[in-house]
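>>> A predicted structure for the sequence below; I have some questions about it.
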Amino acid sequence: MTTVFVSYSHDSAEHNHRVLQFAEALRSHGIEASIDVDVVRPARGWPHWCEEQLRPENADFVLLICTTVYCDRVENKVTFDEGRGAFWEGSIIYDYVYEEKGSQRFIPLLLDGATKSCIPRPMRNHTHYVIDHYDFTDRGYRGLYRELTKQNPRRKPAGQVVQLRPTSPGVAWPEVPADPSPPVAKSHENAAERPRRKRWTLPVLLALLFIAVVAAFRFRSSREPPKSAPAVPIRTLAILPFKPLVASQRDEALEMGMADTLIAKISTIDGLTVRPLAAVRRYGSVEQDPLAAGRALDVDAVLDGSIHDSATQISVTVRLLRVADGRQLWSGRFDTPSSSVFSLHDRISSAIAGELSLKLTEEQRTRLRQRDTHNPEAYRAYLLGRFYSDRADRDRYLKAIEYFQRAIALDSRYALAYTGLAYVHASLPICCDDPAGPSSAAVRDAVNKALAIDPGLAQAHAILGREAFLFEWDWTRAEDELRRSLQLDASNAEAHRAYGHLLSNTGRHSEALREIDEALRLDPLSLMNNTMRGMFLLQGGEVDPAITAEKRVLEIEPDFWVARMVLGNAYVRKAMVVEALTEFRLAYAHSAGATEPRARTAHLLAITGRKQEARKILSELTAMSKGRYVPPYNLAMIHAGLGEHAEAVRELQRACAERDVRLIFISVEPLWNVLHGEPGWAEVERCVDLPPIVESSSSADHEG
């Protein structure tokens with residue numbers, strides 16, 4: 001008995017009833033039709049049930065009931081919580097169509113007036129049937145039934161084979177009788193009519209032959225897929241955060257983590273630029289249009305995926321889409337036990353490399369297969385650490401530290417967990433006013449352990465360079481480590497930005513702009529990259545271009561307080577007091593309590609004659625320092641504005657003793673010019689030990 005699986009979308013109650021009628025008609029005519037209404041609740045869930053029904057051993061044919069809604073859901077053109085069953089079935093069907101090249105197992109059907117535009121694009125070259133009535137009076141139903149039961153609509157007539165006599169060279173072929181069929185009884189046909197019959201037979205045969213050739217050509221043309229434009233090589237790729245198959249069962253750490261892991265793997269492939277996690281993170285909503293994200297990220301292709309973790313099994317579907325025309329280049333479906341999650345990464349990354357026709361060296365193939373841990377629980381903890389470290393927020397950073405430490409406890413040789421831990425500790429003094437001493441020690445300990453496990457880990461060298469730059473003020477070692485990181489992984493946008501920061505703070509502004517421009521090429525929408533570019537312009541004396549750059553950032557994200565700080569500093573350079581104060585106050589409002597915006601507000605108030613207001617802020621921060629750490633650099637700033645130079649120098653000397661990270665700005669911050677020559681100033685300069693500032697060439701050519 002022929003078995004079929006009926007794939008359809010739940011458009012309406014009426015449509016569902018008509019599909020069920022169609023399935024019953026097939027059953028009444030001896031076809032075993034499987035449809036979802038026959039099952040109340042599959043024991044292993046709908047995705048697994050659907051997969052089982054579509055297997056070749058369970059379904060001789062798959063009938064696609066094509067409607068506009070079905071097509072939109074299969075092609076994922078609707079919101080993510082709509083029609084997941086049709087999308088899931090469509091993903092599996094695409095996978096089989098790709099594997100079973102030339103197979104006619106999948107048959108699109110157009111019921112009740114549906115048009116060919118309702119057929120999903122990859123299926124439009126398959127034979128389809130238009131059916132209005134579910135019985136043998138309907139030509140489409142009759143044709144479908146013949147195909148399902150392998151009945152030819154007509155048998156081709158065949159005459160007897162003519163046996164020819166053997167011939168010798170040079171002997172003419174004997175004339176073959178025009179009618180090789182066996183002798184028949186003598187015809188009673190009137191002999192006078194025979195010549196007339198010969199006259200019209202030849203033209204008719206020629207006409208029939210011509211019609212047959214035209215029909216064959218048209219049939220062949222209708223079966224051939226339309227020729228597409230020449231494929232454009234994929235050079236840039238965005239791997240979007242995965243989405244949940246069930247919107248109410250989100251696991252953002254797993255969704256983001258799957259993308260993060262694939263980004264890390266595929267970024268190792270030469271010739272392909274992959275946007276970093278920081279760039280794609282904002283495109284993680286369930287309603288996100290992947291093609292719109294691809295256009296915003298300025299990439300050739302996007303990888304869009306869905307994931308479901310049932311505690312014992314992880315199911316993933318992925319699609320590779322070309323952004324220019326929305327064409328699906330590849331799709332895949334993967335199921336694996338939760339304990340084998342690492343095989344998913346290997347299979348997906350290898351499939352993408354193969355689909356993009358990337359020629360991998362053996363070293364690159366080894367890197368694709370490389371696993372940072374073999375412990376699923378440690379990996380899960382690491383993903384949570386990455387998830388909580390994605391924003392500059394002290395509470396989230398502390399949560400991230402817990403998870404990274406848990407990952408390390410589960411696998412003491414998990415190098416990436418050590419680098420994650422080091423990254424968070426290095427960030428706390430910058431964003432959250434934490435004291436530098438404990439953070440510096442924690443960074444060194446974690447990053448050295450990471451490098452002991454994997455000396456070639458680019459991220460670890462980048463963090464070690466940041467540690468030498470921010471805490472140790474060892475400029476030569478910082479540059480060596482950052483350059484080493486970029487030699488190992490030139491696609492690390494954060495390393496380019498950190499190196500640019502080092503270059504700008506040591507007066508090499510044009511080189512700094514080249515580094516930040518490379519970071520922006522890799523991650524064009526990064527708020528921090530764009531903000532730092534404005535800061536480098538400002539530190540190089542390009543005030544107006546810096547203002548333009550920061551305004552662009554704030555158009556994208558008005559609450560990004562670091563950009564408001566830089567913009568305020570630029571306004572100070574132009575003596576635009578009201579505008580600068582506005583930016584500093586907005587920066588403080590969005591900074592979750594950072595003290596630098598308050599200190600800069602007080603400094604500006606002091607130098608513009610509003611010293612009483614400045615002293616009020618100084619008293620506020622001094623009182624605050626009794627309960628939490630307030631960087632002495634910020635207090636020195638207010639004293640310098642008030643003209644209290646001795647107090648300012650004393651605070652800077654305390655900043656040296658406490659390794660305050662803000663001292664890296666001492667040579668590029670004009671407000672300290674008033675302290676040059678003051679007793680104790682030379683000691684501060686020796687402490688920081690900055691190399692002599694040599695102004696690089698004008699950066700005016702980088703204004704864009």
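Looks like it came in fine.

>>> contacts and neighbour counts: CA atoms only from here.
Fine.

>>> May I have the beta-bridge partners of the residue positioned nearest the centre of the chain?
Nearest residue to the geometric centre of the chain (Cα atoms, centre = their mean): Ile239, 1.7 Å. Beta-bridge pairing of Ile239 under DSSP bridges involves Leu303.

>>> give me every residue that touches it.
Ala259, Leu262, Ile263, Val274, Arg275, Val280, Val302, Leu303, Asp304 (Cα atoms under 8 Å, 6 or more residues apart in numbering).

>>> What of Met258?
Pro241, Phe242, His345.

>>> one more time with 7 Å, if that's ok
For Met258, the contact set (Cα atoms under 7 Å, 6 or more residues apart in numbering) comprises Phe242.

>>> what's it sitting at in phi/psi?
phi -60, psi -40 (degrees, to the nearest 10).

>>> Now, of the contacts of Ile239, which are buried?
Buried by 16 or more other Cα atoms under 10 Å: Ala259, Leu262, Ile263, Val274, Arg275, Val280, Val302, Leu303, Asp304, out of the contacts of Ile239.

>>> mind listing the strands for this structure?
Remark: strands assigned in the chain by DSSP state E are 3-7, 32-34, 61-65, 106-111, 129-131, 236-239, 243-244, 273-274, 301-309, 313-322, 328-337.

>>> Would you single out the least confident of those?
Sorting the strands of the chain by mean pLDDT places strand 328-337 lowest, at a mean of 82.

>>> Only C-alpha atoms, please: export that strand in CSV.
Extracted C-alpha coordinates of strand 328-337, given in CSV (Å, rounded to 0.1, in the frame of the first residue of the first chain):
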residue,chain,number,x,y,z
GLN,A,328,18.1,30.3,0.8
LEU,A,329,21.5,28.9,0.0
TRP,A,330,21.3,26.0,2.4
SER,A,331,19.3,24.6,5.3
GLY,A,332,20.0,21.9,7.7
ARG,A,333,18.3,20.1,10.6
PHE,A,334,20.3,18.6,13.4
ASP,A,335,19.3,16.6,16.5
THR,A,336,21.7,15.4,19.1
PRO,A,337,21.6,14.3,22.8
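
>>> what's it packed up against?
helix 84-99, strand 313-322 (3 or more Cα pairs under 7 Å, 6 or more residues apart in numbering; DSSP states H and E).

>>> For that strand, buried residues please.
Buried-residue list, strand 328-337, by 16+ other Cα under 10 Å: Gln328, Trp330, Ser331, Gly332, Arg333, Asp335, Thr336.

>>> Can you tell me which of the residues you listed is nearest Pro545?
Of all the buried residues of strand 328-337, Gln328 has the smallest distance to Pro545: 41.0 Å, by Cα to Cα.

>>> Quick check: that closest one touching Arg322?
Yes. Between Gln328 and Arg322 there is a contact under Cα atoms under 7 Å: 6.4 Å.

>>> Asp395: neighbour count?
Around Asp395 there are 12 other residues, counting by other Cα atoms under 10 Å.

>>> got TSV for the strands of the chain, with distance to Arg615 too?
Listed next are the strands of the chain as TSV, based on distance: least, Cα to Cα, whole Å:
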stretch	distance to Arg615
strand 3-7	74
strand 32-34	80
strand 61-65	76
strand 106-111	78
strand 129-131	83
strand 236-239	50
strand 243-244	52
strand 273-274	50
strand 301-309	54
strand 313-322	59
strand 328-337	63
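
>>> right, so of the ones you listed, which gets closest to Asp445?
strand 273-274 (30.3 Å).

>>> chain center to that closest one, what's the gap?
Chain-centre distance of strand 273-274: 10 Å, with Cα atoms, centre = their mean, to the nearest Å.

>>> Same check on stretch 503-515?
31 Å.

>>> now do stretch 460-480
The answer for stretch 460-480 is 31 Å, by Cα atoms, centre = their mean.

>>> do the same with stretch 435-448
32 Å.

>>> Can I get that stretch as PDB, trimmed to CA atoms?
This file holds the C-alpha atoms of stretch 435-448, laid out as PDB (Å, rounded to 0.1, in the frame of the first residue of the first chain):
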ATOM      1  CA  PRO A 435      39.600  49.600  42.600                       C
ATOM      2  CA  ALA A 436      42.300  48.400  40.200                       C
ATOM      3  CA  GLY A 437      44.500  46.400  42.500                       C
ATOM      4  CA  PRO A 438      42.300  43.400  43.100                       C
ATOM      5  CA  SER A 439      41.100  43.400  39.500                       C
ATOM      6  CA  SER A 440      44.600  43.500  38.100                       C
ATOM      7  CA  ALA A 441      45.700  40.600  40.200                       C
ATOM      8  CA  ALA A 442      42.600  38.600  39.200                       C
ATOM      9  CA  VAL A 443      43.200  39.400  35.500                       C
ATOM     10  CA  ARG A 444      46.900  38.300  35.600                       C
ATOM     11  CA  ASP A 445      46.000  35.000  37.400                       C
ATOM     12  CA  ALA A 446      43.200  34.000  35.000                       C
ATOM     13  CA  VAL A 447      44.900  35.000  31.800                       C
ATOM     14  CA  ASN A 448      48.200  33.300  32.700                       C
END
